[in-house]
Structure formats: structure tokens, C-alpha cells
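Novice: based on what follows, work out the 3D shape:
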Amino acid sequence: MNIRQITKLIIKVSSSILAGLAVAYLAMSAYAGYTLSIPHRVFEPQKAVVFSDTPQETTFPAADGLKIAGWFIPAPDSDKALILVHGRNSSRTHEFGGKFPEFAAAMNRRGFSVLMFDLRGHGQSAAALCTFGLAERQDVIGAVNWLKQRGYPATRISILGVSMGVAAVVGAAADDPEIDILVLDSGYAEIYSLLKLQWRAASELPDIFLPSTLLFGQGLTGYDLASSSPARELERTAPRPVLIIHSALDPDTPVEHAYQLRAAAPASEYWETNTAKHSMNYNSNPQEYVDKVTDFLNRTLE
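Specialist: Residues are numbered from 1 along each chain as shown. As a prediction, the model looks like this:
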């Protein structure tokens, strides 16, 4: 075998190896993009036992028509309503480590009619891919419309979002000027930096796979997932009342994200806890949490 033949062989083998690596890279990115976009369904109907009366099963259309499932717990002789929005891979029964219904019942006793629902692709709502608040905001707008159709004034409707639910709530408020009062618990300021922070631990893949994964995610969902930025959108909601709740010890969403949200809404109120788990601020002191949220809502509703 002469030098020319050896060179051709080396080029052929190298090309085959590179092509194989490219295929493997794209295949792993496609799978990671699929995994990133598929929400996990969890739902525990028995959690409804915490309510004094059985919550009303309800369905309503999201702003884009998708079917959303929820519970409505009316408060007699009150025009105050509170919408509860859970985070990614959770549900109306699963948020707060399964204590979302307990919190809803407590707020109902404080005089709020409560609408809690499952975001698209979660719980009992219609199937959909996860878009980190970009599409999920349509569910929040649908919930607000459902309450308004039942006589609740827009100015008497408050919304509390948790984790990814914060992105959905802020996005809805940015798109709908009638959405007025926001409580944002354990939210991220923008998703891309959070994904970069969590990428290796969550995916067990090198950072080089993140851009291609997001590209495949965009192909699957139709949304640029990296563009989810509650901090940027929160600027569009001023001067509406905002309460930001975050733990200084949050292991999943660093407290710096809360500081960015505060900077985007300088007039917002801020409560920092020392809860050691993500989106568990209620669990560390339920009474204090209910008191803080109730006080904020009642003052802004006056």
C-alpha cells in the first residue's frame, strides 16, 4: 500500500468516524430535547379531602382553546378570587410537596374563592409539551377569563405561581393588562442560565449538547425555549402589585434569580426564607406563609 492509498484510507476512516459522531450527537440531542419537552403527569384526587366541601370539578378552555382541568372552591359572599398555578412536572394536587390543596383550603377560609388547575400536559389537563411558560400562559389567561365570566371583577382576581408557574403567570400578565395582582414563589428570572446551571447534573451530558437540545426542543414545541424570561416580561407589568417569595437556600433556582425579578419590578414586595428545598416555602411555616400572602393580597385589594 503506497502513501496515496494510506492517505485515502485515513481520510475515509476519519470521515466515517466524524459522521458517526455527528449522528450520535444529533441523536442524543434529539432525545434530550424530547425529554426536556415532555412533562411528567402526577395527580392525587384524594388530596381533595382537605376541603370542608368537595371542590367543584371544572374544565375551561385555555386562551388558545386547549382543555384545562381544575378545581373551584367558592367563598360565599366574597368577590375576591385567587388562582393557583403549579410548576413543571407537578399538578394542583402535587405542588408544595402535595400540600397545594391544603394551602388552597387555608386561603379559602380567609375569604378567597380559589381556582386551582393543572397546566397543559400536567395532571388531568389536555396533552401538551412543556415550553417553560411560553405556551402555559394561555392556561392562566383562560383561568382568568373563566372567573370573569362568572362575575369576578378582574381587579379582584389575584394569581400565585410557583416555580415554572411563575413564568406562566408573568407571561400572562405581560400579555393581558387586566391581570393585576401577582405572587411569585421560587421563580426563575430566565430559563437559559438556569438550564446551563443544571444541565450536567440533570442530563449527564456535556454543555456542548445544550444548544442542540434546545434547537430540537424548539422543533418539537414550536417555541424558542431559551427565550423564556420572566424578568424581562415582568418589566411590562408595572405598576401592578407583585410579591416575590424565594429561599436564600433554594438548591435548584439560586436566589440571584429572585434578585433579578426584584430589579425588574422595583416596587415589588419581597419575602426571603431559608427553606432548604425548592418551592417548599409554604411547607417550612404554613401559618406564616398564609399570613404573608393574605396580608399582601388584602392590602392590594383595598
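
Novice: which residues does the helix or strand hosting residue 263 contact?
Specialist: Element membership for residue 263, per DSSP states H and E: helix 256-264. Helix 256-264 is contacted by residues 184, 187-190, 194, 230-232, 234-235, 244, 246, 268, 270, 272 when judged by C-beta atoms under 8 Å, 6 or more residues apart in numbering. In short, each C-beta sits where N, CA and C put it, glycine included.

Novice: quick one: average pLDDT of it?
Specialist: Average pLDDT, helix 256-264: 98.

Novice: just the CA trace of that helix, in CSV.
Specialist: Extracted C-alpha coordinates of helix 256-264, given in CSV (Å, rounded to 0.1, in the frame of the first residue of the first chain):
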residue,chain,number,x,y,z
GLU,A,256,-30.0,35.6,42.4
HIS,A,257,-32.9,34.8,40.2
ALA,A,258,-35.3,36.4,42.8
TYR,A,259,-33.0,39.5,42.9
GLN,A,260,-33.3,39.8,39.1
LEU,A,261,-37.0,39.6,39.4
ARG,A,262,-37.0,42.3,42.1
ALA,A,263,-34.8,44.5,39.8
ALA,A,264,-37.4,44.1,37.0
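
Novice: look up the closest residue to residue 143, ignoring the ones flanking it.
Specialist: residue 83 (5.0 Å; C-beta to C-beta, 6 or more residues apart in numbering).

Novice: isn't the one you found up against residue 147?
Specialist: Yes. Contact criterion C-beta atoms under 8 Å: residue 83 and residue 147 qualify, at 7.3 Å.

Novice: so those two - more neighbours on which side?
Specialist: residue 83 (26 against 20; other C-beta atoms under 10 Å).

Novice: packing partners of the strand or helix carrying the more buried one?
Specialist: Here residue 83, judged by DSSP H and E, is contained in strand 81-85. Strand 81-85 is packed against helix 100-109, strand 113-117, helix 137-149, strand 157-162, helix 164-175, with contacts defined by 3 or more C-beta pairs under 8 Å, 6 or more residues apart in numbering; DSSP states H and E.

Novice: okay, these in a markdown table with distance to residue 62 and mean pLDDT next?
Specialist: Listed next are the helices and strands packed on strand 81-85 as a markdown table, based on distance: least, C-beta to C-beta, whole Å; pLDDT from 0 to 100:
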| stretch | distance to residue 62 | mean pLDDT |
| --- | --- | --- |
| helix 100-109 | 20 | 98 |
| strand 113-117 | 10 | 98 |
| helix 137-149 | 4 | 98 |
| strand 157-162 | 15 | 98 |
| helix 164-175 | 10 | 98 |
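
Novice: a markdown table for those, including distance to residue 90?
Specialist: A markdown table is the format used below for these (distance: least, C-beta to C-beta, whole Å):
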| stretch | distance to residue 90 |
| --- | --- |
| helix 100-109 | 8 |
| strand 113-117 | 11 |
| helix 137-149 | 13 |
| strand 157-162 | 8 |
| helix 164-175 | 8 |
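
Novice: identify whichever of those lies nearest to residue 76.
Specialist: With distances scored as C-beta to C-beta, the stretch of those nearest to residue 76 is strand 113-117 (9.0 Å).

Novice: I'd say residue 69 and residue 123 touch.
Specialist: Yes. Residue 69 sits in contact with residue 123 when judged by C-beta under 8 Å, with a separation of 6.5 Å.

Novice: what residues go with each domain of this protein?
Specialist: Following automatic domain parsing, one finds the domains of the chain at 1-37+191-220, 43-189+228-301.

Novice: hang on, the earlier thing: what touches both of residue 83 and residue 147?
Specialist: Jointly contacting residue 83 and residue 147 under the rule C-beta under 8 Å, 6+ apart are 115, 157.

Novice: quick one on the thing from earlier: shared neighbours of residue 69 and residue 123, anything?
Specialist: Listed contacts common to residue 69 and residue 123 are residue 117; contacts here mean C-beta under 8 Å, 6+ apart.

Novice: please identify which of the two sits among more neighbours.
Specialist: residue 123 (24 against 19).

Novice: quick check: the more buried one vs residue 146, distance?
Specialist: 16 Å (C-beta to C-beta, to the nearest Å).

Novice: where does the stretch 101-250 of the chain have low pLDDT?
Specialist: When residues are selected by pLDDT under 70, those of the stretch 101-250 of the chain lie in 204.

Novice: ok now do the closest residue to residue 171 other than its chain neighbours, which residues does it touch?
Specialist: The shortest distance from residue 171 to any non-neighbouring residue, by C-beta to C-beta, 6+ apart, is to residue 137 (3.6 Å). Contact analysis of residue 137 by C-beta under 8 Å, 6+ apart lists 63, 167-169, 171-172, 175.
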